[in-house]
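# Sequence and predicted structure below; questions after.
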Amino acid sequence: MQMTFKVLLFLQLLTTLVNGGASKPDMVIFLSDDHTWRDSSVYGSTEINTPNMSRLAAEGMTFDNAFVASPSCAPSRAALLTGLYPARNGAEANHSRPQADLKKLPAYLQELGYEVVSFGKVGHYRQTKEYGFDIARHFNYHEDIAIPQAIEWLKARDSEQPLCLFVGTNWPHVPWPTETGDFKPENVKVPPHHVSTPVSRAWRAKYLAAIKKMDTELGEVYDVAREKLGADLFFLHTSDHGAQWPFGKWNLYDDGIRTPLIVSWPGQIEKGVHSQAMVSWIDILPTLVDVAGGAVPEKIDGRSILPVLKGKRTSHRDVIFTTHSGDGNFNVYPIRAARTYEGWKYIRNLHPEFLFTSHVTSSTADSGYWSSWLEKAVSDEDARQKVRRYLFRPREELYQVTDDPYEQHNLVDDPAQVERLAQLRKEVNQWMGETSDPQTAFGTPRRIADSERPNIITVFIDDMGWSDLSCYGGKVTQTENIDRLANEGLRFTNFYVNSPICSPSRVALTTGQYPQRWKITSYLARRKANRERGLAQWLDPAAPVLARQLNEAGYATGHFGKWHMGGQRDVGNAPLITKYGFDRSLTNFEGLGPRVLPLKDAYNGKPPQKHDLGSADLGKGPIFWEDRSIVTAAFVKEALTFIDHAEATGQPFFLNLWPDDVHSPFFPPEVLRDATDESKRALYYTVLDAMDQQLGLLFDRVRNDTRLKNNTLILIASDNGPEEGAGLAKPLRGAKTWLYEGGVRSPLIVWGPGLLNPAAAGTTNRTSVLCALDVNRSLYTVTGAELPSGVTLDGEDLAETLLGKSEAGRKAPIFWRRPPDRPGTKQEPNPDLAVRDGKWKFYMNYDGNGKQLYDLTADVSETQNRADDYPEIVARLKQAIIDWNRELPADAGDPAWEPSAKKN
């Protein structure tokens, strides 16, 4: 160790001698985060005064044409700290790292005798310490103590060693301040390429307030640096790229790549000068080495701008090249661009078949204005064009930025620009070749779907009985809105869900696989109860999900209603619904994300009681309290907004509307409750009536819009049989939780005038046997979505049957396993296992006893056990059940379940 220290000391001494013992200026580099250059008074803004940027500009040189190498945090900062383009340093996608063996900026300066220190976000958060700084502190996300800590450290520093101090503020990176001070939304100006809404102005006021914070911190660091370090101080301020607004960050428009750059160095740089030289962030590393008196590295992409700073040159680069690859699965969109000194911008979108999405479109917490853009786009053509311009990009774009600063007029098809376009294409090709650009698409892209692909709406009703709908023979109440769809569509009488209880039934429809594969075999409850029953705590996001596949295919996807596949009771760390491929969600107390939680009002003079089962304590999304009688109306309202937004953006949509009204407790609207005797069954049917009325708004929205009517498929079913004493399943045996027909046979209505076989409209299919697994698989065919790779779905493709073009049924048997916590009673035990194969339904217990066999074509009520009459069929189906069950994880209902299996 001592010998190593002596060697380093000798090298530093040798370096000093080589450089003639010249004094080295101290250097301070102040980096802001996500600051669009035009949003400062130095660069012409009249609504945000940045006095400290102006002070620095008055003392030095302001670059009017400075650009980053990439418009996302990690690649941009890696380019600065290596002097290499992202394709050459390896940090292409956001959050990626440069190659470990590359020489980084601190090493260059350390060899020249500098102490190189960083406070705050200099590299990409925790990556900062990997760049080799002598000190790297307070680099975590919005660790806003970084600036005061840097100031305190600098004040206390006692060293003659030359210093290069990097200070990185998180402002104005989101989240922006909630207090906007003097910035009043009503006075804020919305840029011409954005959609002007009150919400946009409110968020822009927050953004301006964040810039103000950044500017204040800049001034504090600047003042202390001058006081502590003296006159020979090289001070540079710049930002890593533009702000998180549409057409800014993640884009190669100037709002994304053009950056503030102001440099002062008393006695070396003339004061108050504006330079038109085109410079890039890759030029900062060689510039600092040059300022420090070192030899400028030759094998990097950057070139020193010191001659420009000292007034020896007025130009630097003729063309600026920029690149963007993506930011996780939020933004998979590789782009390359060239920007010339004359103001021409050529953009090449490598995959125009991809949909351009980002945190702007996906994260309402940080970009809450986007929904207001979509809302305005529903009826405003200008807003619609701006929204679609953000989402859909052509293969090539060409702009004259000097005349068109917001890059609104694509000149790529202008005959007058043919030669210019050819030259810029050539230059981009050459640059991509020189940097060995792999043109990788990092992550899973969202493709642009043909707007003519069919829309899908699934209405999965909670705990509704086989014979509750009047269109299925129900006599208690008239479900007129659902009946209307049934009368115009196709009814199925041999449709099954894959569990007689909520959570596993929903898993089957969602994944197209038996829920036992994912260890969800009963309703998800509290952690302890889940473990004791051998259940997972939530559906593994690795499961195949139809919504995710459709989302990647370009569909807008939304889930509104009951989820119950994770995030209930005390399970607050379950994935959000959006992790399964949904753009938007609104659920109840059995899921996470935005939620509507019910208030139970019995209209008896007592205050309404909250019914949230612990959900209100979980966080993970905004919560709205609503009278339980109109919770479905809240889901429908969000669904209608979702449809409007999908129409505005030109996307087909996939929509789950999963109401839970007819699941107990039953709280109908007051006017309906007053007409009942308040018995359980009476309350149930009034709730069913109210639900039907509230769903009518959704159905009418589709039926009354010609385009939607002709291109939308609505499927209505129940997730399992009715709760005993509430709904009815006549003439079927059993109810919810039972494997008998009343627990697993469900109504299925398929409506879609433009998609169904016209001859099937208003008819009933009494032949085809199918299940929720098959519906899932068939919807891949109906929508044209790719099947998930690497997995086998348990459903069969019966798309022709769903659309009334065939009466083919499922070829494979349908298997069930009872919920582990639902053994039935001593008087009537619930069979452990069941299978339907053709006309036969067979039951047995884990030990092989309790065999029951029913011919459902002759005995739908399952009153005549034929097991003794058909031993061959019993033997075949028994073996089939054993083979099926053996392949799946056991749960606590199985005597073979081991305690060690309790661990999830």
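It's in. Numbering: from 1, shown residues only.
# what's the closest non-adjacent residue to the residue sitting nearest the centre point of the chain?
With distances taken as Cα atoms, centre = their mean, residue 362 lies nearest the centre of the chain, 5.0 Å away. Closest residue to residue 362 apart from its sequence neighbours, by Cβ to Cβ, 6 or more residues apart in numbering: residue 330 at 5.5 Å. (Each C-beta comes from the backbone N, C-alpha and C, glycine too.)
# Name the next helix or strand downstream of the top helix by length along the chain, please.
If you go by DSSP state H, the chain has its longest helix at helix 198-229. Using DSSP states H and E, the helix or strand that follows helix 198-229 towards the C-terminus is strand 233-239.
# pLDDT (mean, whole number) over that following strand?
Mean pLDDT, strand 233-239: 98.
# For whichever helix or strand comes after that strand, which helices and strands make contact with it?
Following strand 233-239 in sequence order, the next helix or strand is helix 254-257 (DSSP H and E). Judged by 3 or more Cβ pairs under 8 Å, 6 or more residues apart in numbering; DSSP states H and E, the packing partners of helix 254-257 are strand 319-327, strand 331-340.
# what angle do the last one and strand 319-327 make?
By that I understand strand 331-340. Strand 331-340 runs at 180 degrees relative to strand 319-327, counting by axes from the mean of the first three to the mean of the last three Cα atoms, to 10 degrees.
# Just give the strands next to strand 331-340 in its sheet, each with its orientation.
Here strand 331-340 is paired, per DSSP bridges, with strand 319-327 (antiparallel), strand 344-349 (antiparallel).
# Next, the buried residues of stretch 120-131.
Neighbour-count burial for stretch 120-131 flags 120, 121, 122, 123, 124, 125, 127, 128, 131 (criterion: 16 or more other Cβ atoms under 10 Å).
# Closest to residue 588 out of the residues you listed?
Within those, proximity to residue 588 (Cβ to Cβ) peaks at residue 125, which comes in at 35.7 Å.
# wait, the closest one sits on residue 140?
Yes. Counting by Cβ atoms under 8 Å, residue 125 sits close enough to residue 140 to count as a contact (6.1 Å).
# got a markdown table for the helices and strands packed on helix 254-257, with mean neighbour count and mean pLDDT too?
Shown next, in a markdown table, are the helices and strands packed on helix 254-257 (neighbours: other Cβ atoms under 10 Å; pLDDT from 0 to 100):
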| stretch | mean neighbour count | mean pLDDT |
| --- | --- | --- |
| strand 319-327 | 25 | 97 |
| strand 331-340 | 24 | 98 |
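# Adding distance to residue 731, write those strands out as JSON lines.
Converted to JSON lines, those look like this (distance: least, Cβ to Cβ, whole Å):
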{"stretch": "strand 319-327", "distance to residue 731": "57"}
{"stretch": "strand 331-340", "distance to residue 731": "53"}
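# could you pull out the strands for the stretch 551-700 of the chain?
556-561, 584-586, 595-600, 609-610, 623-627, 653-658 (DSSP state E, counting those that start in this stretch).
# out of those strands, deepest packed?
Using mean count of other Cβ atoms under 10 Å, the stretch among the strands of the stretch 551-700 of the chain with the largest mean neighbour count is strand 556-561, at a mean of 28.
# Which elements pack onto that strand?
When contacts are defined as 3+ Cβ pairs under 8 Å, 6+ apart, strand 556-561 packs onto helix 546-552, strand 584-586, helix 631-649, strand 653-658.
# highest average neighbour count across these?
Note that of those, strand 653-658 is the most buried (mean count of other Cβ under 10 Å), with a mean of 26.
# residue contacts, residue 386?
Residues in contact with residue 386 (Cβ atoms under 8 Å, 6 or more residues apart in numbering) are 193, 194, 195, 246, 373, 377.
# Can you name the residues bridging to residue 824?
On the basis of DSSP bridges, residue 824 is bridged to residue 829.
# Give me the distance between it and residue 893.
From residue 824 across to residue 893, the span is 11 Å (Cβ to Cβ, to the nearest Å).
# Looking at those two, which is more packed in?
residue 893 (21 against 16; other Cβ atoms under 10 Å).
# residues touching the residue nearest to the more buried one when sequence neighbours are not counted, list them.
Leaving aside its chain neighbours, residue 893 sits nearest to residue 820 (3.2 Å; criterion: Cβ to Cβ, 6+ apart). By Cβ under 8 Å, 6+ apart, the contact set of residue 820 is 521, 522, 533, 534, 535, 891, 892, 893, 894.
# again, 6 Å this time
Counting by Cβ atoms under 6 Å, 6 or more residues apart in numbering, residue 820 touches 522, 533, 891, 892, 893.
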